[in-house]
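S.K.: sequence-free structure coming up:
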Ligand code: BEZ
Ligand code: FE
């Protein structure tokens with residue numbers, strides 16, 4: 001097709017799929033929809049060539065910023081509410097299992113392995129509030145699940161994750177615990193604080209273009225896994241946080257809001273929070289094992 005017009009260009013590009021090589025069915029589905037929506041978007045806003053070049057430069061700069069410490073494309077996806085949408089499509093809420101939410105860019109593999117009840121705090125801050133965080137992990141029938149791997153990570157009282165703060169020890173405020181035979185997990189930590197997502201460079205450019213703010217409500221991150229069950233990536237939010245209703249990455253769910261309460265004296269910490277999780281059986285893994 002030589003005579004491409006504003007009207008026929010979308011069909012021309014879609015018709016070209018697979019003409020000179022293999023296209024898997026899933027790639028065909030994704031690319032067809034991507035081309036259609038991208039073209040409709042350009043037609044709808046009458047995108048100008050200078051704006052297209054700005055977009056290309058923006059993405060190139062985002063790529064140059066990305067490394068193992070800063071994942072700029074996840075951040076951009078978060079600011080646009082895209083990661084939370086993809087997460088909800090991947091793990092639809094069913095009213096029984098715990099809801100998931102965004103992973104975000106700050107998870108680190110291989111956190112320190114700690115015994116139940118240990119502290120994830122390696123460095124203290126003057127303004128910290130110490131907490132004892134505990135709960136149970138169960139299946140949908142209410143049976144407790146033992147030996148569940150529970151990864152936790154949080155920001156420090158200065159609002160920074162350790163890998164973005166040269167003054168914190170490596171892996172500060174990160175840990176990997178296991179549930180005991182009753183499905184119970186517990187750890188000592190500090191109350192996470194609300195913090196701004198990195199808002200310099202391209203992420204900041206996007207936030208400002210949207211007229212939004214960079215703040216996230218205080219949250220504790222969890223990644224919970226056990227063979228035969230779907231991995232749960234989630235966060236527990238602080239019921240008293242002022243940003244619960246306008247999270248910069250739209251990740252708050254009502255069911256994930258927990259309450260920090262004054263701790264009994266014998267706990268030796270300022271605050272106590274209890275939060276339980278329910279895992280979904282992984283049908284695919286179960287059928288494969290049968
Ligand atoms: C986080 O929760 O750590 C996070 C999530 C999305 C974007 C930035 C940070
Ligand atoms: Fe976070």
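M.R.: In hand now; what should we look at? A quick note: this is a predicted structure, and the numbers were derived from the prediction, not measured. Ligands and ions are numbered 1, 2, ... in the order given.
S.K.: neighbours of the residue of the chain found nearest ligand 1, just the number please.
M.R.: Closest to ligand 1 within the chain is residue 104: 2.6 Å, counting by CB to the nearest ligand atom. Every C-beta, even on glycine, is put in place using the N, C-alpha and C of the backbone. Residues lying near residue 104 (other CB atoms under 10 Å) number 21.
S.K.: separation between it and residue 281?
M.R.: Distance check for residue 104 against residue 281: by CB to CB, to the nearest Å, it reads 26 Å.
S.K.: try residue 82
M.R.: Distance from residue 82 to residue 281, by CB to CB: 28 Å.
S.K.: can you pull out the strands in the protein?
M.R.: Per DSSP state E, the chain carries strands over the ranges 130-138, 149-153, 174-178, 184-190, 195-196, 215-216, 219-225, 232-238, 257-258, 261-262, 271-274, 277-278.
S.K.: now for these, which one comes closest to residue 48?
M.R.: Residue 48 sits nearest to strand 195-196 of all those, at 32.0 Å, using CB to CB.
S.K.: other SSEs contacting the closest one?
M.R.: Identification of packing neighbours for strand 195-196 by 3 or more CB pairs under 8 Å, 6 or more residues apart in numbering; DSSP states H and E yields strand 215-216.
S.K.: what is the strand it packs on packed up against?
M.R.: For strand 215-216, the packing partners by 3+ CB pairs under 8 Å, 6+ apart come out as strand 195-196.
S.K.: which residues sit against the strand it packs on?
M.R.: Residues outside strand 195-196 that contact it (CB atoms under 8 Å, 6 or more residues apart in numbering) are 155, 159-160, 213-216, 248.
S.K.: for ligand 1, tell me which of those residues show up nearby.
M.R.: Filtering the contacts of strand 195-196 for proximity to ligand 1 (criterion: CB under 6 Å from any ligand atom) leaves residue 216.
S.K.: write the PyMOL selection for whichever of the contacts of strand 195-196 are buried.
M.R.: The following PyMOL line selects those of the contacts of strand 195-196 that are buried, judged by 16 or more other CB atoms under 10 Å:
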select buried, resi 155+159+160+214+215+216+248
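S.K.: please produce CSV containing the strands of the chain, extended by distance to residue 68.
M.R.: Below are the strands of the chain laid out as CSV (distance: least, CB to CB, whole Å):
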stretch, distance to residue 68
strand 130-138, 28
strand 149-153, 16
strand 174-178, 15
strand 184-190, 25
strand 195-196, 21
strand 215-216, 21
strand 219-225, 18
strand 232-238, 19
strand 257-258, 31
strand 261-262, 38
strand 271-274, 31
strand 277-278, 28
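S.K.: need those in CSV (columns: mean pLDDT and distance to residue 21).
M.R.: Shown next, in CSV, are the strands of the chain (pLDDT from 0 to 100; distance: least, CB to CB, whole Å):
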stretch, mean pLDDT, distance to residue 21
strand 130-138, 98, 46
strand 149-153, 98, 41
strand 174-178, 98, 44
strand 184-190, 98, 49
strand 195-196, 96, 45
strand 215-216, 97, 43
strand 219-225, 98, 38
strand 232-238, 97, 35
strand 257-258, 98, 49
strand 261-262, 97, 61
strand 271-274, 98, 54
strand 277-278, 98, 45
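S.K.: spell out which parts of the stretch 1-150 of the chain neighbour ligand 1.
M.R.: 75, 78, 102, 104-106.
S.K.: let's see 8 Å
M.R.: 74-75, 78-79, 83, 102-106 (CB under 8 Å from any ligand atom).
S.K.: most surrounded residue in the residues you listed?
M.R.: Counting by other CB under 10 Å, top hit in those: residue 75 with 27 neighbours.
S.K.: how close does the residue nearest to it when sequence neighbours are not counted get to residue 54?
M.R.: Nearest non-adjacent residue to residue 75, counting by CB to CB, 6 or more residues apart in numbering: residue 203, 4.6 Å away. Distance, residue 203 to residue 54, by CB to CB: 16 Å.
S.K.: between those two, which one's more packed in?
M.R.: Using other CB under 10 Å as the criterion, residue 203 and residue 54 rank with residue 203 on top: 24 against 11.
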